[in-house]
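Colleague: turn this into a model:
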Amino acid sequence: MGWFFTKAALLTFGAAYAVLPYVCQGAVEHHQWLSATQMIDGLALGETTPEPLIMVVTFAGFVAGWTKTLFGPDQLFLAGATAAIVVTYFTFLPSFLFILARGPLVESTHGNLKYTAPLTGITAAVVGAILNLGAFFAWPVFCPKASQAV
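Modeller: Next comes the predicted model:
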């Protein structure tokens, strides 16, 4: 789990909505830590706070730890809490390391077209990722029978 969420954090360009499609696909489809309904619940919970990424990844970690009974059936809360802490820690770790290591370099590139032009492309990719996230969540909401058949 730690490695998955570290990779998710490394893919974050822009806001939380840029990484949520990756988290959703990985947690729901690839690793099957959560169901699509549980992930939608996590996103709804995340929208109640100013920064949804933290709530969503912490929720995903807790549910994954709980449902996969990491420490056995008698320790569900401990498994969920531990997974939530691990996921939250590894989500923030790359950002902290990047800021400490590369912050001064990034500051020195302001106004240089060679560096600002690629960021414009990254911004466009973030918009595409947000649209992908919208489609990912809209499909099971608007077409629940079709989602169950897949």
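
Colleague: next secondary structure after whichever helix in the chain runs longest?
Modeller: Longest helix of the chain, by residue count under DSSP state H: helix 76-107. On the C-terminal side of helix 76-107, the nearest following helix or strand under DSSP states H and E is helix 113-142.

Colleague: show me what that following helix is packed up against.
Modeller: Packing partners of helix 113-142 (3 or more CB pairs under 8 Å, 6 or more residues apart in numbering; DSSP states H and E): helix 20-24, helix 36-46, helix 144-149. C-beta: built from backbone N, CA, C; applies to glycine.

Colleague: just put those in a markdown table and tack on mean neighbour count and mean pLDDT.
Modeller: Formatted as a markdown table, these follow (neighbours: other CB atoms under 10 Å; pLDDT from 0 to 100):
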| stretch | mean neighbour count | mean pLDDT |
| --- | --- | --- |
| helix 20-24 | 23 | 82 |
| helix 36-46 | 18 | 83 |
| helix 144-149 | 10 | 67 |
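
Colleague: so which of the ones you listed is nearest S95?
Modeller: For S95, the closest of these is helix 20-24, at 15.0 Å, according to CB to CB.

Colleague: neighbouring contacts of the closest one?
Modeller: Applying CB atoms under 8 Å, 6 or more residues apart in numbering, the contact partners of helix 20-24 are 5, 8, 11, 39, 43, 52-53, 56-57, 60, 129, 132-133, 136-137.

Colleague: noted, bye for now.
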